[in-house]
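1. Next comes the sequence, and after it the predicted model I'd like to discuss.
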Amino acid sequence: MLILNQPDTGDLEVITQVHCVCCNCTNEVFFEGNSKEIAAIKLEQLGWRTYERTDEIGGNTCPTCIEDLKEISLEEDSEQETPYD
């Protein structure tokens, strides 16, 4: 005789997963985490940031895009410092 029962909850593990998408390139990252605060710390450790520019506010941004934004900002700053002839 075969008796089927509900799965045993003692053998189950609940994992909370964080999903974050870069606001510029849509790169995605997934990792385990049990709160948004812990997720923000982990993302910061991974190099993710938000940013503000004079004409733009960016949400969660991946490390690659942050590096690109830094380069653009340096170029813009150097262009502003160059006097016009």
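-> Nice, thanks for sending it over. Residues are numbered from 1 along each chain as shown.
2. Next up, the contacts around residue 18.
-> Contacts for residue 18 were tallied using C-beta atoms under 8 Å, 6 or more residues apart in numbering; they are 29-33, 39, 42-43. C-beta here means a position set from N, CA and C on the backbone, and glycine is covered the same way.
3. same thing with residue 49?
-> Taking C-beta under 8 Å, 6+ apart as the definition, contacts of residue 49 comprise 60-61, 66.
4. Turn these into CSV, columns for neighbour count.
-> Written out in CSV, the entries for those read as follows (neighbours: other C-beta atoms under 10 Å):
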residue, neighbour count
60, 17
61, 22
66, 18
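5. Helices - which of those land there?
-> Within the contacts of residue 49, residues falling in helices by DSSP state H are residue 66.
6. Which one of the contacts of residue 49 is nearest to residue 12?
-> Within the set of these, residue 60 lies nearest residue 12; the separation is 30.7 Å, counting by C-beta to C-beta.
7. In three-state terms, label the closest residue to that closest one other than its chain neighbours for me.
-> Beyond its immediate neighbours in the sequence, the residue positioned closest to residue 60 (C-beta to C-beta, 6 or more residues apart in numbering) is residue 20, lying 5.3 Å away. Here residue 20 is strand, with the state taken from DSSP: H, G, I helix; E, B strand; the rest coil.
8. in this protein, which spans are helices?
-> 36-45, 63-81.
9. Give me the packing partners of the first one, helices and strands only.
-> It refers to helix 36-45. The contact analysis (3 or more C-beta pairs under 8 Å, 6 or more residues apart in numbering; DSSP states H and E) places helix 36-45 against strand 17-21, strand 28-32.
10. What mean pLDDT does the last one get?
-> Looking back up the chat, that one is strand 28-32. Averaging pLDDT along strand 28-32 yields 94.
11. which residues sit in contact with residue 27?
-> With C-beta under 8 Å, 6+ apart as the criterion, the residues that contact residue 27 are 21, 62, 64-65.
12. of all the residues you listed, which two lie farthest apart?
-> Largest separation among those by C-beta to C-beta: 21 and 64, giving 13.4 Å.
13. which ones are touching residue 53?
-> For residue 53, the contacting residues are 69, 73, taking C-beta under 8 Å, 6+ apart as the criterion.
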